[in-house]
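Undergrad: here is a sequence together with a model predicted from it:
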Amino acid sequence: MSKKLTWEVKNLIDEVEKTHRYSMSKIYGLHNKVFDTNEMPQSCASCLIRKVRELKKWIETANG
């Protein structure tokens with residue numbers, strides 16, 4: 001796991017938690033990078049929240 005990718009994910013999570021704004025392109029872009037997928041961005045709120053939750057879990061598991 002790259003430190004840069006971890007840093008990007010942490011920054012995205014921090015931004016979402018502070019502003020409660022969900023950037024569809026940022027979330028899906030990082031999610032696709034982290035999980036090596038090619039999902040198309042969805043604007044549905046629950047989809048974005050789920051992706052952020054999955055990224056949070058990834059960070060937690062990556063940091064032990």
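TA: Looks like it came in fine.
Undergrad: use CA for all of it now, contacts and neighbours both
TA: Fine.
Undergrad: secondary structure element for K51?
TA: Per DSSP states H and E, K51 falls inside helix 45-62.
Undergrad: now do the buried residues in that helix.
TA: 48, 51-52, 55-56, 58-59 (16 or more other CA atoms under 10 Å).
Undergrad: which residues sit against that helix?
TA: Helix 45-62 is contacted from outside by 1, 6, 9-10, 13, 22, 24, 27-28, 31, 34, 42, using CA atoms under 8 Å, 6 or more residues apart in numbering.
Undergrad: next, M40: secondary structure please.
TA: The local conformation at M40, judged by DSSP: H, G, I helix; E, B strand; the rest coil, is coil.
Undergrad: which residues touch it?
TA: Applying CA under 8 Å, 6+ apart, the residues near M40 are Y28.
Undergrad: repeat that with 10 Å
TA: 24-25, 28-29, 32 (CA atoms under 10 Å, 6 or more residues apart in numbering).
Undergrad: sort out for me which of these are in helices.
TA: Residues of those located in helices (DSSP state H): 24-25, 28-29, 32.
Undergrad: span of stretch 15-27 from start to end?
TA: Using CA to CA, to the nearest Å, the end-to-end distance of stretch 15-27 comes to 11 Å.
Undergrad: ok, and what's touching it?
TA: With contact meaning CA under 10 Å, 6+ apart, stretch 15-27 is reached by 8-14, 29, 31-33, 40-45, 47-49, 51-52, 55.
Undergrad: try 7 Å this time
TA: 41, 43, 48, 51-52 (CA atoms under 7 Å, 6 or more residues apart in numbering).
Undergrad: please report how far the closest residue to L30 other than its chain neighbours lies from E15.
TA: Sequence neighbours aside, V9 is the residue nearest to L30 in space, at 6.9 Å (criterion: CA to CA, 6 or more residues apart in numbering). V9 is 10 Å from E15, where distance means CA to CA.
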